[in-house]
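In: Whatever this is, show me its structure:
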Amino acid sequence: MFWSHNAAVAAIAGLTALTVSSASQAAPILQGPYNFDGTSICQIQTVMQTNGINTTSFGGFSQSIGTIVFTPSTAGAAAGTIYIAASQIKGSLMLQQNPPGAGTGGMPVSGIESATHTGTYAIAAGVLTVTTGTDPTQSYKAMFSAIGANNVAKTVMLLGHGGGGANCSHQITALHQ
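Out: Sure thing, here's the model as predicted:
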């Protein structure tokens, strides 16, 4: 699992893809700081062999909290720049204990790690596209449960996959501050 892929990109994405309740209602915008929490989970992958099961991926999880600041390119714009400051813990879903001398598999739960990232975002047709640093561009869907003054989204919920591998899922809840 990669920090910027699973935590930061998913978190950013969790704040921005749109679901609008009515075609006549303007799409909410993202502007200013949002505090978020999120969880990412990646599946364990194994291969059956004649001498037993070979684990090719021990899966993984991460739990994150932090703040994302959205700065639209112009007032009311659906695209702009982002700044993320986040902390996370992560680890493998499975730890493998082998006979003495054979090593182990998987990654124990880490201590708290913190990082910052910058990037860009754009919202179109209910999809948020996010690019940060050298990470691949990611797209996510989300749902707003509250719209505040000036059409700024107050609460955003995300459910998506990818980012850290095709077998990963992400859930994010973000609150405008």
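
In: how far is stretch 48-59 from where the chain is centred?
Out: Remark: stretch 48-59 is offset 28 Å from the chain centroid, using C-alpha atoms, centre = their mean, to the nearest Å.

In: in the protein, which spans are helices?
Out: 10-14 (DSSP state H).

In: Any stretches of it with poor pLDDT?
Out: Regions of the chain meeting the criterion pLDDT under 70 cover residues 1-25, 97-104, 162-166.

In: Tally up the residues packed near the residue nearest to Thr118 when sequence neighbours are not counted, please.
Out: Excluding its sequence neighbours, the residue lying closest to Thr118 (C-beta to C-beta, 6 or more residues apart in numbering) is Tyr83, at 5.4 Å. The way it works is simple: take the backbone N, C-alpha and C, and place the C-beta from them, glycine included. Around Tyr83 there are 16 other residues, counting by other C-beta atoms under 10 Å.

In: ok, now how distant is Gly126 from Gln63?
Out: 27 Å (C-beta to C-beta, to the nearest Å).

In: tell me the contacts of Ala146?
Out: Counting by C-beta atoms under 8 Å, 6 or more residues apart in numbering, Ala146 touches Ala153, Lys154, Thr155.

In: isn't Ile147 right next to Val156, touching?
Out: No - look at Ile147 against Val156 with C-beta atoms under 8 Å: they stay out of range, at 10.3 Å.

In: Quick check on the two: which one has the bigger neighbour count.
Out: Taking neighbours as other C-beta under 10 Å, Ile147 and Val156 compare with Val156 leading, 27 against 19.

In: Can you get me a residue count around the spatially closest residue to Ser62 that is not a sequence neighbour?
Out: Ranked by C-beta to C-beta, 6+ apart and with sequence neighbours excluded, the top spatial neighbour of Ser62 is Lys90, at 3.8 Å. Neighbour count of Lys90, defined by other C-beta under 10 Å: 22.

In: of Gly126 and Gln63, who's got more company?
Out: Taking other C-beta under 10 Å, Gly126 and Gln63 do not tie; Gln63 has more neighbours (17 against 13).
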